[in-house]
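Trainee: attaching a predicted model along with its sequence, questions to come.
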Amino acid sequence: MSNIIKKESYPYAFDTSACASCEGKCCTGESGYIYVTKNEIEKISKLLNLSVNEFGVKYLFKKAYKYSIKEIKIEDSYECVFYDRATNGCKIYEARPNQCATFPFWEYYKTRVDELKSECPGIIDV
Ligand code: SF4
Ligand code: SF4
């Protein structure tokens, strides 16, 4: 099976095999916002066996009218609290936010391929 994902109207493709050796660049590095919707908050809370309120207090912060997952700073890296360095994976993978599940195919990157390439080693030209 091919590891290459292409999507119509995107000027790049994504080689999923790059994730194995990349050490979660999309979950670590520069600080950013990992937005979660109300439905996603409910799903993650359920996965973690927490009430929505407990989950919110522990793992979220408010950014304008939205909520984002917190980060922790490790040396120079701002890492999503759910990034697992030991396995190079996501601790809430089954319930990860859509923002994470759709990366690197974000509208934003359609016109910023060089920026995306500097963030994700799996990006290839089509
Ligand atoms: S930055 Fe790209 S290659 Fe690295 S884990 Fe994220 S999606 Fe995979
Ligand atoms: S929720 Fe999971 S996939 Fe999304 S940034 Fe955090 S560790 Fe990465």
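Mentor: Here it is on my side, so go on. Ligands and ions are numbered 1, 2, ... in the order given.
Trainee: which stretches of this structure have low pLDDT?
Mentor: In the predicted model of the chain, residues 1 satisfy pLDDT under 70.
Trainee: give me every residue in it lying close to ligand 1.
Mentor: Applying Cβ under 6 Å from any ligand atom, one finds that the chain approaches ligand 1 through 18-19, 22, 24-26, 103-104, 120-122. Placement of C-beta: from N, CA and C, glycine included.
Trainee: rerun at 8 Å
Mentor: Applying Cβ under 8 Å from any ligand atom, we find that the chain lies next to ligand 1 at 14-16, 18-19, 22-27, 88, 103-104, 119-123.
Trainee: what parts of this protein come near ligand 2?
Mentor: Neighbours of ligand 2 within the chain, by Cβ under 8 Å from any ligand atom: 24, 26-27, 34, 69, 79-84, 89-93, 96-97, 99-101, 103.
Trainee: what subset of those is buried?
Mentor: Among the residues of the chain next to ligand 2, those buried by neighbour count (16 or more other Cβ atoms under 10 Å) are 24, 26-27, 34, 69, 79-80, 82-83, 90, 92, 96-97, 99-100, 103.
Trainee: report the central residue of this protein.
Mentor: Centroid-nearest residue in the chain, with Cα atoms, centre = their mean: residue 100, separated by 3.4 Å.
Trainee: tell me which residues of whichever strand or helix holds residue 46 are tucked away?
Mentor: Element membership for residue 46 (DSSP states H and E) is helix 38-47. Buried positions in helix 38-47, judged by neighbour count with 16+ other Cβ under 10 Å: 40-41, 43-45.
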